[in-house]
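Chemist: I'll drop the sequence and a predicted model, then ask my questions.
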Amino acid sequence: MTEQGSGLVQVRGVDKVFTRGSERIHVLGGLDLTVPEGEFLALMGPSGSGKSTLLNLIGGLDRPTKGTVAVAGQRIDNLSDRNLAAWRARHVGLVFQFYNLMPVLSAERNVELPLLLTKLNKKARHQHVETALSVVGLQERSRHYPRQLSGGEQQRVGIARAIVTDPTLLLCDEPTGDLDRKSSDGILELLTTLNRVQGKTIVMVTHDPHAAACATRTLHLDKGRLSMEAAA
């Protein structure tokens with residue numbers, strides 16, 4: 001599948017090969033993808049289809065074996081490790097299936113973690129944290145620890161942490177995969193609001209058609225190839 005035109009995210013001719021002993025595993029092959037600014041894109045497909053691999057390439061967590069990845073006009077596939085880490089800190093917010101919160105830190109301290117990589121002083125960091133927790137509706141739970149929060153609340157903390165730096169791109173890997181339907185619906189409503197009201201560009205990997213229905217576009221990945229239709 002080939003996509004033309006400019007976009008916030010541009011993936012061109014990307015192959016990704018993993019090596020396991022003497023075995024070479026081709027996960028992505030000749031993949032092209034354009035994500036316009038302000039889009040909410042859902043990526044679906046069977047397990048092992050390369051969805052999370054593609055998400056990691058877009059977020060600069062991994063590098064393609066071949067091809068180019070650009071975000072907001074910046075080639076990221078050829079950055080040094082140091083420059084790539086700095087780029088991620090400025091431009092990417094990550095939301096994980098299992099929250100990845102630090103159990104010994106309160107909600108507000110978990111949200112503050114990405115800001116410790118910036119030059120903001122303590123007062124400015126506190127203001128950013130308050131704003132992020134307010135956006136996700138958890139300002140009254142800011143001093144609670146993960147063990148004192150429900151799964152849905154922990155994921156909201158995870159989203160607050162992801163948006164606290166006002167990133168260019170929000171990447172979500174199965175953000176509702178560990179939640180019941182009610183909590184899942186609350187997270188999807190929050191992501192939809194971040195996209196439609198705040199204009200956040202979101203790329204979400206999901207197995208759930210209900211979650212994908214909240215996106216503005218859904219693409220299916222199978223055997224390293226993208227299509228508009230689900231595989232038969």
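Modeler: Done, it's in.

Chemist: tell me the contacts of the residue nearest the centre of the chain?
Modeler: With distances taken as C-alpha atoms, centre = their mean, the residue of the chain nearest its centroid is Leu171 (1.1 Å). Contacts for Leu171 were tallied using C-beta atoms under 8 Å, 6 or more residues apart in numbering; they are Leu55, Ile58, Gly59, Val92, Gly93, Leu94, Val95, Ile202, Val203, Met204. In this view, the C-beta of every residue, glycine as well, is placed from N, C-alpha and C.

Chemist: ok, now Gly50?
Modeler: Counted by C-beta under 8 Å, 6+ apart, Gly50 has contacts Lys16, Val27, Leu28, Leu221, Gly224.

Chemist: who's Val205 bridged to?
Modeler: On the basis of DSSP bridges, Val205 is bridged to Leu43, Asp173.

Chemist: now do the contacts for it.
Modeler: Val205 touches Ala42, Leu43, Met44, Lys51, Ser52, Leu55, Cys172, Asp173, Glu174, counting by C-beta under 8 Å, 6+ apart.

Chemist: same for the helix or strand where Ile187 lies, what does it pack against?
Modeler: Taking DSSP states H and E as the definition, one finds Ile187 inside helix 181-196. Contact partners of helix 181-196 among helices and strands, from 3 or more C-beta pairs under 8 Å, 6 or more residues apart in numbering; DSSP states H and E: strand 40-44, helix 151-163, strand 169-173, strand 201-205, helix 209-212.

Chemist: between these, which one is closest to Ser183.
Modeler: If you check each of the helices and strands packed on helix 181-196 against Ser183 by C-beta to C-beta, helix 151-163 wins as the nearest, at 3.1 Å.

Chemist: average pLDDT across that closest one?
Modeler: Averaged over helix 151-163, pLDDT sits at 96.

Chemist: other SSEs contacting that helix?
Modeler: strand 92-95, helix 107-112, helix 122-135, helix 181-196.

Chemist: tabulate those (a markdown table), appending mean neighbour count, mean pLDDT and distance to Val35.
Modeler: Listed next are those as a markdown table, based on neighbours: other C-beta atoms under 10 Å; pLDDT from 0 to 100; distance: least, C-beta to C-beta, whole Å:
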| stretch | mean neighbour count | mean pLDDT | distance to Val35 |
| --- | --- | --- | --- |
| strand 92-95 | 23 | 95 | 13 |
| helix 107-112 | 23 | 97 | 26 |
| helix 122-135 | 16 | 96 | 22 |
| helix 181-196 | 17 | 95 | 12 |
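
Chemist: now these in JSON lines, with distance to Ala85?
Modeler: Shown next, in JSON lines, are the helices and strands packed on helix 151-163 (distance: least, C-beta to C-beta, whole Å):
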{"stretch": "strand 92-95", "distance to Ala85": "11"}
{"stretch": "helix 107-112", "distance to Ala85": "18"}
{"stretch": "helix 122-135", "distance to Ala85": "19"}
{"stretch": "helix 181-196", "distance to Ala85": "24"}
